[in-house]
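In: Okay, sequence plus prediction incoming.
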Amino acid sequence: MQKMAELLGLRDECGEGTLGAPALAGSCLADNRLNLDVYPDGCRRFLQLFKEQQGELVQVEFLRLSSNDCLLDATLDNLSHLKHLKSLVLKGGHARDKFGCYQHGSLTSLPPDFGNLRCLTHLDLSFNRLSTLPSCILHLPSLRVLLVSHNSLVTLPEDFGCLSKLTFFSAMKNQLKDLPQSIGELSMLQDLDLSENALELLPEEVGNLHNCTELDLSGNRLLSIPDSLANLKSLRRLHLHSNLLVTVPASLASLPNLSRLDLQNNCLRAIPAEIQALPFVHVRGNPLGETEPSPQAGNCKASAAVVINSCMSFGSFTVTSEGCRVVLACGIHFYFPPGAASAPLRIHFQSLTPDPQWVKLRHHDVLLSRVLELQPHGIQFQQEVQIWMPFISPQTPHQHEVVVRTFSGESWNDLKTRVKQKRKSKKCVAHCCVLHFSWFLVVSRLVQNECKVPAEGTLLFSSVDPNIKVIFPPGVTQEPRSVKLQVLPVSAEEIQEITAYAECRASPLLYLSQDSTVDFLKPVRIQLPLPSGVTGLNLDRSRLHILHGDLEGQTWNDITSEVVLEFTHLYAVFEVTHFSWYWLWYTTKTYIGGIAKKVYERLRLYQVNFIALQRKRDPEQVLLQCVPKHKVDPVLKKLQDRYRGPEPSDMVEMFEGEQFFAAFERGISIDMDRPDCVDGRLSFIFYSHLKNMKEIYVTSPVDRKGQAVKGQVSFYRGAVPDSIPEDASRRRKGPDSLWLATLPIKLPQLKPRWDENPGPLYGFSFPPLNLGNAETGYLTQANLLSIARRVGADWQSIGLNLGLTYQQIERIGYNNREDLNKQILDMLFSWAQQNSEDPDCVSKLITALKESGRQDIADEVEAIVELGRQKYSESIRRLGLEQESSTEDSAIAIM
């Protein structure tokens, strides 16, 4: 193995020397284990090992490879030589597409001689493209653990039951429609995960799995389950949530070892009394006690109203042919009319932070919402689905309009949008109708007027400034073409402030575009109002300039001498044959193009200030925010009761969608494992109407028992949007222009903590806890201890919002009346123990923290959960018989 470890270092590209052999060997090879999935060229390394050190390679017992590798097929042909192989992982998900989504591996089959691996006990083929289970798998006599989740399996082989030693089987997130009867022959099976499939019926033989302790059938299309499930005497957990169940057998209540029965999000209108009496049954999200829906006006069947009660930013729900209304916790509404889906369809949603790498904003666009992703992508509905998305009201309602923008897979397109204001909350929502699902967001754009130009000609004018007109004469085009007009008013005060020259004036900025690349056959007449204060009576024609800008605003050319200008008392009229930006300027300056470019750039910049505040009760909790200049005073006033800190930074300028970083310096550090941490710095994206705010927990490696730590947080520029002017981008790339601002942070002298003194903690003797589940990430005992450290006097409020009674709170306070730390630990860990089996316990904790005014701790919990979810997506962790269950389904409750 030593020689093989040396070989794993591999030679450099020139064939000379080695590239860190000890480090590489230590990271991918341990004893008889070979981990090559950590390298993008892992299969190439395997083939080289097989060629040069075959004698040692065939002794490997544990092998991990990425199925995203282009040399996978050649590698598969050699696997049958590894006669001692016990565990093989051939998973995809190691590569991402341009949207950041994990790509499935290329594995579609296995070679026939794969069945010769007689010692293989563990096989993981998750995140691949299997449509059928390779028949050679059925010839693996020692196989105990089989994972084929996240594939495209439609069915399982009829003789699947021949895998008699199988103890764990996961096929979640496939397309299974039925199960073979032979599945009942898996007498040693203990864990069976068939969640997120298309199962409509279960064979009675499922009841023969007498050793099964956990059965996950959630997220399918089951209308009923067989009575034979009552024969599973070893069953401890039965997951049936998010199906279409209309009834469940009462005999399930007789299962002696059952400790969890999840029936949430089904169509149960009645549940047997024997099951309702069980203390561990979960039935939320069922229309219990309701009668069949009655017809509404318009001869439509009344759609069920569904509320997604989850603090998570992702989840799923089922839509049937009857249609339904869905309300997410974030305020997004859906209406699926009857017949929109021809068959039961599972819809997955998630709210994403906008990434400027693929959310491309146009000139003067303002982002008003997060990105909503709806899957399956491209699904075509039979009728239009209505979506209502809440957004932050823009500051310039006159010259801007709100639209919902969707991604088609190649480009972003604007949808026909109506804006409504809720009566009670006064919050605004954007309403649109779609026939397909993808990504959606709400933006504020310049008001857009458009028309279809026929061969006979037409007239188009601006609704922002009706004095701006575009006249298309007859014969201007052979084929009808679509033309769009946008106007950006620019005040005289703005021009004077930017140019520092009182004699500069300008008209509104006009942008024209069309859907054809061919110039017009005849000149098009454009009418622009003269700049403010200028009329036909006092006009000096030598000071008037018509400027033409390119699509990106990079250059502004004076075309006054190239066009024929006509004047009236209030307007200037000229003719063009192609469209772009047009701007009328009145000034004595000669090089007006450079001045216009500077003004145009400044019109797209926002003046902002940075704030860094520390929570009064917990100075280690730091709030960072980038605030537009006009919002600084209201924001500080809102935070002053709970936070203290230095004055805001000096004003700086930023573009919409520009990235910046926050770095803690001089003895202050943060958790480097945060998903938003890049090279030790927190990453932000500035959007003028979104909250550019993060609350984080800071620490200091310096010994603070003797003195306080005087540190600082500095803000630095990052990547700039692609569409900003080249000169502005260049100015931001120099080493002296990266720094934006620095604010002081002071951590007080450290007081003794309970986790440094084992006495109070040992008094409880709590067992290790894992709240949540593998897919969404766990909250461990260490996480709870970190949370408990910062709860402070809010523990009673948090406890009540977690569902503890006043009597329980009083008892905890009395039992630990001389120690606040013990009160917090007793409350938090007692609740955690009682709810450790509840899949929604993390969501409940987040909600309780927010309702208690501890948004800071809630944000940290959400960051931990998000990090766990990302790690799950990268690689489903399955060791031995540990099971992972899909938790993409949120809790659903009927309104």
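Out: Here it is on my side, so go on.

In: now the closest residue to Leu176 other than its chain neighbours, what's its secondary structure?
Out: Spatial nearest neighbour of Leu176, chain neighbours left out: Asn197 (4.1 Å); criterion: C-beta to C-beta, 6 or more residues apart in numbering. Bear in mind the C-beta positions are built from the backbone N, C-alpha and C, glycine included. Three-state call for Asn197 (DSSP: H, G, I helix; E, B strand; the rest coil): coil.

In: What distance do you get for Asn197 to His282?
Out: Asn197 sits 21 Å away from His282, going by C-beta to C-beta, to the nearest Å.

In: With neighbour numbers in mind, choose between these two.
Out: Neighbours per residue, other C-beta atoms under 10 Å: of Asn197 and His282, the larger number sits with Asn197, 25 against 21.

In: In this model Leu179 seems to touch that one, though I could be wrong.
Out: No - the criterion here is C-beta atoms under 8 Å, and Asn197 misses it with Leu179 at 9.5 Å.

In: So in terms of bridging, what pairs with Tyr606?
Out: Met654 (DSSP bridges).

In: Next, the contact list for it, please.
Out: Pro628, Lys629, Glu653, Met654, Phe655, Glu656, Phe686, Ser688 (C-beta atoms under 8 Å, 6 or more residues apart in numbering).

In: Surely the first one and Leu690 touch.
Out: Think Pro628. No - with contact defined as C-beta under 8 Å, Pro628 does not count as touching Leu690 (10.8 Å).

In: Identify the spatial nearest neighbour of the residue in the chain sticking out farthest from the centre, chain neighbours not counted.
Out: Centroid-distance maximum for the chain: Leu537 at 59.1 Å, with C-alpha atoms, centre = their mean. In space, and not counting its chain neighbours, Leu537 is closest to His569: 7.1 Å by C-beta to C-beta, 6+ apart.

In: Phi, psi for that neighbour please.
Out: Main-chain dihedrals, His569, degrees, to the nearest 10: phi -70, psi -30.

In: Next one: it from Leu528, what distance?
Out: Separation of His569 from Leu528 (C-beta to C-beta): 14 Å.

In: With neighbour numbers in mind, choose between these two.
Out: Comparing His569 with Leu528 by other C-beta under 10 Å, the one with more neighbours is Leu528, at 22 against 9.

In: where along the stretch 551-700 of the chain do the strands fall?
Out: 556-558, 566-567, 571-576, 581-586, 605-615, 621-628, 643-644, 652-655, 658-665, 677-678, 681-686, 693-697 (DSSP state E, counting those that start in this stretch).

In: Tell me the strands beside the last one, with direction?
Out: Listed by DSSP bridges, the sheet partners of strand 693-697 and their directions read strand 621-628 (antiparallel).

In: any idea how far the partner strand is from the chain center?
Out: Centre-to-centre, strand 621-628 and its host chain are 22 Å apart (C-alpha atoms, centre = their mean, to the nearest Å).

In: Equivalent analysis for stretch 635-645, please.
Out: The answer for stretch 635-645 is 29 Å, by C-alpha atoms, centre = their mean.

In: So which bits of that stretch are buried?
Out: Val635, Leu636, Leu639, Arg642, Tyr643, Gly645 (16 or more other C-beta atoms under 10 Å).

In: pLDDT at the fifth one, what is it?
Out: According to the predicted model, the pLDDT of Tyr643 comes to 89.

In: Just to be sure, Ala782 is in a helix?
Out: Yes - secondary structure of Ala782 (three-state DSSP): part of a helix.

In: pLDDT-wise, which helix or strand of this structure ranks last?
Out: strand 892-894 (a mean of 30; mean pLDDT, DSSP states H and E).

In: just the buried members of the contacts of Tyr606?
Out: Counted by 16+ other C-beta under 10 Å, the contacts of Tyr606 give Pro628, Met654, Phe655, Glu656, Phe686, Ser688 as buried.

In: Isn't the third one up against Arg602?
Out: Spelled out, that is Phe655. No - counting by C-beta under 8 Å, Phe655 stays clear of Arg602, with 10.9 Å between them.

In: Now for the two: what residues contact both?
Out: In contact with both Phe655 and Arg602: no residue, using C-beta under 8 Å, 6+ apart.

In: Please report the distance of Leu146 from Ser135.
Out: Distance, Leu146 to Ser135, using C-beta to C-beta: 14 Å.

In: These two: which has the busier surroundings?
Out: Between Leu146 and Ser135, counting by other C-beta under 10 Å, Leu146 is the more crowded of the two (22 against 14).

In: Name the secondary structure element that contains the more buried one.
Out: For Leu146, the host element (DSSP states H and E) is strand 145-147.

In: quick one: low-confidence parts of the stretch 451-600 of the chain?
Out: For the stretch 451-600 of the chain, the stretches flagged by pLDDT under 70 are 551-553.

In: Contact partners for the nearest residue to Leu49 once chain neighbours are set aside?
Out: Using C-beta to C-beta, 6+ apart and skipping the chain neighbours, the partner closest in space to Leu49 is Leu57 (5.0 Å). Contact partners of Leu57, counting by C-beta under 8 Å, 6+ apart, are Met4, Leu34, Phe46, Leu49, Phe50, Leu82.

In: Going by distance to Phe472, which of those wins?
Out: Ranked by distance to Phe472 (C-beta to C-beta), those are led by Phe46 at 66.0 Å.

In: distance of that closest one from Cys70?
Out: Taking C-beta to C-beta, one finds Phe46 at 13 Å from Cys70.

In: out of the two, which sits in the more crowded spot?
Out: Taking other C-beta under 10 Å, Phe46 and Cys70 do not tie; Phe46 has more neighbours (25 against 11).

In: in the one helix or strand the more buried one maps to, what counts as buried?
Out: Here Phe46 sits within helix 42-52, counting by DSSP H and E. Using 16+ other C-beta under 10 Å as the test for burial, helix 42-52 gives Gly42, Cys43, Arg44, Arg45, Phe46, Leu47, Leu49, Phe50.

In: would you list those in JSON lines and tack on distance to Ala250?
Out: Listed next are the buried residues of helix 42-52 as JSON lines, based on distance: C-beta to C-beta, whole Å:
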{"residue": "Gly42", "distance to Ala250": "53"}
{"residue": "Cys43", "distance to Ala250": "54"}
{"residue": "Arg44", "distance to Ala250": "59"}
{"residue": "Arg45", "distance to Ala250": "58"}
{"residue": "Phe46", "distance to Ala250": "55"}
{"residue": "Leu47", "distance to Ala250": "59"}
{"residue": "Leu49", "distance to Ala250": "59"}
{"residue": "Phe50", "distance to Ala250": "58"}
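
In: That concludes my questions; thank you for your assistance.
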